[in-house]
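> Here you go, sequence then predicted model.
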Amino acid sequence: MQGLSKRSSQDSGNSSRLLIVDDDAYLRTSLRQQLLAEGFHNIFDIGSAAGLKTVLKDVNPDLILLDIQMPDGNGVEICKQLRSDGFSKPIVMLTAKNAEVDIIEGLEAGANDYITKPLRMDELLARIHTQLRQFKASDDASFELADLNFVPANKMLHKTECGRMQALTEKETTILKFLYRAFPEAVTKDEILAEVWGLQNGLTTHTLETHIYRLRQKISRLTKTPLVITTENGYRLEL
C-alpha cells in the first residue's frame, strides 16, 4: 500500500490496531518504535490525507492519532469527514502547544481527545489506553469478531460479507461483550457469573454453560470460526 507502512511482531501483544496520520516522517517512525516497545504490534502510518479512505478500509484501525495540520488537509475537517463517513472509533488529535482554538474545534468535530506536541510518551499511552478501554465498554460501539460484526446495543451479530444476521439475548450479548473487553486474555467462569448474573463466591451453576452453548450455536450459523474457546478455568475469544 503506497504511503502506508506497518511494523509487527510475532508476539501477540496488544491486538489493537493503531493508525498514525502525520506528515512528520521522523515523528511517525519514533512513535512506531515507542509503541512497539509498549506492546502494540499492529501499527500503521500515513503521511498525508490523500488516500486515507483506502487506508482506513485496508487497516480498519481501532484508534487514529491525527495531526491537526496536514500538508494536504486540515485535521479538523478530516475528523469531521471521518465521523460523517461513519468511523466511530477513537480519534486522538495531535496539536501544537497552546493551540486552544484547534483543540476546541477538534473536539467539536468529533475527536475523543487531544495531546500537545512535543509528545510525552507516558501521557500519550495513558490517553490511548483510556480511549481504547472506553470504546470497548461502549454499547454503541461496533466490533469486528473474525468475519462477523457485533453491535451490543442492537443485540445482533452480522455476517460481514453477506449481511445475514443473528439476534442475541441480553445475557448472550453481555457475555460476548465481556469476553471482547478481556481479549486476548481469558476470563474465569466465576468472573463471568459475577459480571453477567451478579453471582459471587463461586456458586456452582450450569446456567453459564447453557448460555455459552446457545451462543456458540448462534455463532456457528454465521461463521465456521469457533469464536468462543474453552480454557482450563473459563473462556476466551479466538479472533
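All right, it came through fine.

> Report the residue spans of this protein with pLDDT below the cut-off.
Applying pLDDT under 70 to the chain picks out residues 1-13, 139-140, 199-205.

> which residue is nearest the middle of it?
Central residue of the chain (C-alpha atoms, centre = their mean): Asp62, 3.5 Å from the mean position.

> Give the closest residue to that one in space, chain neighbours not counted.
Ser16 (4.4 Å; C-beta to C-beta, 6 or more residues apart in numbering). (Glycine included, C-beta is placed from N, CA and C.)

> Thr188: how many residues sit nearby?
Residues near Thr188, counting by other C-beta atoms under 10 Å, number 14.

> For the residue nearest to Asp62, give me its contacts.
Ser16 makes contacts with 40, 42, 62-63, 132, as judged by C-beta atoms under 8 Å, 6 or more residues apart in numbering.

> what separates it from Arg133, distance-wise?
Computed as C-beta to C-beta, to the nearest Å, the Ser16 to Arg133 distance reads 10 Å.

> ok, now Val187?
Val187 is 16 Å from Arg133, where distance means C-beta to C-beta.

> got the contact list for Asn83?
Heads up, residue 83 is Arg, not Asn. Residues near Arg83 by C-beta under 8 Å, 6+ apart: 109-110.

> Would you map the helices across the protein?
Here the chain has its helices, by DSSP state H, at 25-37, 52-59, 75-84, 100-108, 121-136, 170-182, 189-192, 207-220.

> could the ones you listed be laid out in TSV, adding distance to Pro90?
Converted to TSV, these look like this (distance: least, C-beta to C-beta, whole Å):
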stretch	distance to Pro90
helix 25-37	15
helix 52-59	14
helix 75-84	11
helix 100-108	12
helix 121-136	4
helix 170-182	15
helix 189-192	26
helix 207-220	27
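
> Could you check those and tell me which one is nearest Phe143?
helix 170-182 (5.6 Å; C-beta to C-beta).

> What residues of that closest one count as buried?
For helix 170-182, a neighbour-count test (16 or more other C-beta atoms under 10 Å) marks 171-177, 179-182 as buried.

> same question, stretch 105-119
By 16+ other C-beta under 10 Å, the buried positions in stretch 105-119 come out as 105-107, 109-116.

> Val187 and Arg133 - which one has more neighbours?
Using other C-beta under 10 Å as the criterion, Val187 and Arg133 rank with Val187 on top: 21 against 12.

> Can you tell me the closest non-neighbouring residue to the more buried one?
Distances taken as C-beta to C-beta, 6+ apart place Gly234 nearest to Val187, at 5.1 Å, with adjacent residues excluded.
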